[in-house]
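*Asks:* Structure for the following, please:
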Amino acid sequence: MAETDFGYRRVAAEEHVRLVRGVFDSVASKYDLMNDLMSGGLHRAWKAALMDWLDPRPGQTLADLAAGTGDIAIRFMKRVKGAGAGILCDAAESMLRVAVDRALDAGIASGLSYVCADAAALPLARDTADCCTIAFGLRNVTRRAEALREIHRILKPGGHFLCLEFSHVGVPFLRELYDLYSFRVLPALGEIVAGDREAYRYLAESIRRFPDQQALAGEIAEAGFANVRWRSLSAGIVAIHSGWRI
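*Replies:* As a prediction, the model looks like this:
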């Protein structure tokens, strides 16, 4: 039976899917608040940088995977002034329910569709999207290589893929401070605000298990993408990877 990492634990692939879904079902209602608190609001700047690199145009279709509460898709629709379409895919139905409410609160009543699906088995046709994004979600995918191939499949020729994800800090003293914050402060914050210490302990552990910038670029290229590049932000706390379907 195939195994994968769930934080620092090795678990069966089938159990990993269930455990990850459980994490997000637990924190869905406090997810956006926790993002603001644990990043000091920086996640907004990181997502803005992702959207600047994507540079969406009216008429495009975005597939946003691990869409969570809809941050990226909402930003996309605002950039194209509603003249586009967004497909929000997430394996946790609880997160998509929050996304629907957030989109309506943002004044977006049309143009978005919602699909509860695993990123490694997307119920979308080949050549569906002009662009595809996944923000802080690839780390949680059970079958990452399959998900990257699925992204390549659903993109149109010339389509652009961008991944925003926690990465590896390159400055030693900053890395030590970041580790202290991740393993001491984040779980305590998760317990106080979201009522789930273990979900945020998993977050810290999953970041440490995730490939560094160079290794992830190799995985994206292996899935068939061309012109793969990345940019590290905030000293490598996060990175944006870019690839094109040719």
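
*Asks:* so how far is the longest helix anywhere in the chain off the chain centroid?
*Replies:* For the chain, the helix with the greatest residue count under DSSP state H is helix 13-27. Distance of helix 13-27 from the chain centroid (Cα atoms, centre = their mean, to the nearest Å) equals 15 Å.

*Asks:* Make residue 1 into 742 and carry on from there
*Replies:* Let's use 742 as the start, then, which means that last one is helix 754-768.

*Asks:* List of residues touching that helix?
*Replies:* Helix 754-768 is contacted from outside by 742-745, 747, 752, 772, 775, 809, 832-833, 835-836, 859, 881, 883-884, 931, 935-937, 940, 943, using Cβ atoms under 8 Å, 6 or more residues apart in numbering. No exception for glycine: its C-beta is placed from N, CA and C like everyone else's.

*Asks:* Would you mind stating the distance between the nearest residue to Lys822 once chain neighbours are set aside and Ile815?
*Replies:* Nearest non-adjacent residue to Lys822, counting by Cβ to Cβ, 6 or more residues apart in numbering: Pro799, 6.6 Å away. Look at Pro799 and Ile815: by Cβ to Cβ, to the nearest Å, they are 16 Å apart.

*Asks:* who's more crowded, those two?
*Replies:* Counted by other Cβ atoms under 10 Å, Pro799 and Ile815 do not tie: Ile815 has more neighbours, with 23 against 10.

*Asks:* does the more buried one sit in a helix or strand, and which one?
*Replies:* Using DSSP states H and E, Ile815 maps to helix 812-820.

*Asks:* Who are the packing partners of that helix?
*Replies:* Here helix 812-820 touches helix 783-795, strand 802-806, strand 826-831, helix 834-846, strand 870-876, going by 3 or more Cβ pairs under 8 Å, 6 or more residues apart in numbering; DSSP states H and E.

*Asks:* so who does the residue nearest to Lys788 when sequence neighbours are not counted touch?
*Replies:* Once flanking residues are discounted, Lys788 sits nearest to Asp812: 5.9 Å by Cβ to Cβ, 6+ apart. Going by Cβ under 8 Å, 6+ apart, Asp812 touches 773, 788, 843, 876.

*Asks:* ok, now Thr802?
*Replies:* Thr802 touches 825-828, 869-872, counting by Cβ under 8 Å, 6+ apart.

*Asks:* Other residues contacting the one helix or strand Tyr943 maps to?
*Replies:* In the assignment (DSSP H and E), Tyr943 maps to helix 938-950. Residues outside helix 938-950 that contact it (Cβ under 8 Å, 6+ apart): 746-749, 764, 767-768, 775, 779, 880-881, 907, 923-924, 927-932, 935.

*Asks:* do that again at 6 Å, thanks
*Replies:* Identification of contacts with helix 938-950 by Cβ atoms under 6 Å, 6 or more residues apart in numbering yields 746, 748-749, 764, 767-768, 880, 907, 923-924, 927-928, 931-932.

*Asks:* Can you say which of those are buried?
*Replies:* The neighbour count (16 or more other Cβ atoms under 10 Å) marks 746, 748, 764, 767-768, 880, 907, 923, 927-928, 931 as buried among the contacts of helix 938-950.

*Asks:* In terms of distance to Trp794, which of those residues ranks first?
*Replies:* Phe907 (17.3 Å; Cβ to Cβ).

*Asks:* Next one: that closest one relative to Arg949, how far apart?
*Replies:* Counting by Cβ to Cβ, the gap from Phe907 to Arg949 is 9 Å.

*Asks:* go on, Ala786?
*Replies:* The gap separating Ala786 from Arg949 is 23 Å, by Cβ to Cβ.

*Asks:* what does Lys788 give?
*Replies:* As judged by Cβ to Cβ, Lys788 and Arg949 stand 22 Å apart.
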